Structure formats: C-alpha cells, structure tokens
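**Student:** any chance you could fold what I've pasted below:
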Amino acid sequence: MVIKSYTFEAEPVLMDFHDFRHCTFKRCRLIFCGYSNLRIDNCRFEDCRWEFSGPAMATLELLSNLNRSGTELGRLIVQQAIAIITQPPPGRPAQAPAFAPQPQTNPAPEPRPPTSTLPSAPASDPPQSQG
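**Tutor:** Numbering: from 1, shown residues only. The predicted structure follows:
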C-alpha cells in the first residue's frame, strides 16, 4: 500500500507491505518483520526507534550468531551479507563482494596407510605429571 505525505506521531507503525513517500515519523516505533519489501522515499524521521520481529529478527539473530562463532565460515557469511547490504543501487557500478560462495564438493577419501600385522603393545599407565 502506498502512503503519501502522512505524519505518524508517537505510534507503532508496521513497515511491512508499505511504500512510504514524503511521510514524517515522529517518536514512532517502526516495526519491520521481513514479510515483504519496504520502500521509503523522501521521508523524515524524528526520534524514532526501529524494531525487528519475525523473519527479519531471525535473520539478524542468525548473522549475529555466525559473527560471534569465531569460525572462518561464519565470518565469510557475515562479510557476504554486508557486501549485499552495502552494494550500490541499481544502475551504478558494483564492486565484487568480498566472498563469493564456492560450490561444495565431496573430495575422494585419502588412502590410509596399510595397518601393521604386528600385535599392538600393551597399554601403559599415562605419565604422571610432576607438580
């Protein structure tokens, strides 16, 4: 739904499913759930707070968890998301993202060395640490 030249004041506003043009938001809770695209064109925001819920919040939580995981894969996924967020608008040249996913392949298992035919040595007690 297109909303033009409207002033929202001190109220919760569901942002999903809307196209806001030349609107003013004053002291509002702006709630985005991620169920649809959102368009904001020439709007003013005064002392507003964004809130996320539903799929939008789930996406933010996933990216946050990946970022905190400390793994290389988590870092790369977060970098890819940032590259998507920061890419220039259509019609302007885009930079290549820092990470481009590579197709996953299952490499052939490495051959194992032959096992010994000698009996294994009896297990011994673990060494005692000296303190």
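**Student:** Pro12 and Arg39: what is the separation?
**Tutor:** 19 Å (CB to CB, to the nearest Å). For every residue, glycine as well, the C-beta is placed using N, CA and C.
**Student:** sorry, wrong one. I was asking about Gly70.
**Tutor:** 37 Å.
**Student:** looking at these two, which is more packed in?
**Tutor:** When Gly70 and Arg39 are compared for neighbours, Arg39 comes out ahead with 12 against 8, by other CB atoms under 10 Å.
**Student:** show me where this protein has its strands.
**Tutor:** Assigned by DSSP state E, the chain shows strands spanning 2-4, 7-9, 12-14, 19-21, 24-26, 29-32, 39-41, 44-46, 49-52.
**Student:** got the domain boundaries for this structure?
**Tutor:** 1-52, 55-87 (automatic domain parsing).
**Student:** want to throw the ones you listed into TSV with mean pLDDT?
**Tutor:** Output for those, formatted as TSV (pLDDT from 0 to 100):
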stretch	mean pLDDT
domain 1-52	97
domain 55-87	94
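**Student:** before I go, just wanted to say thanks for your time.
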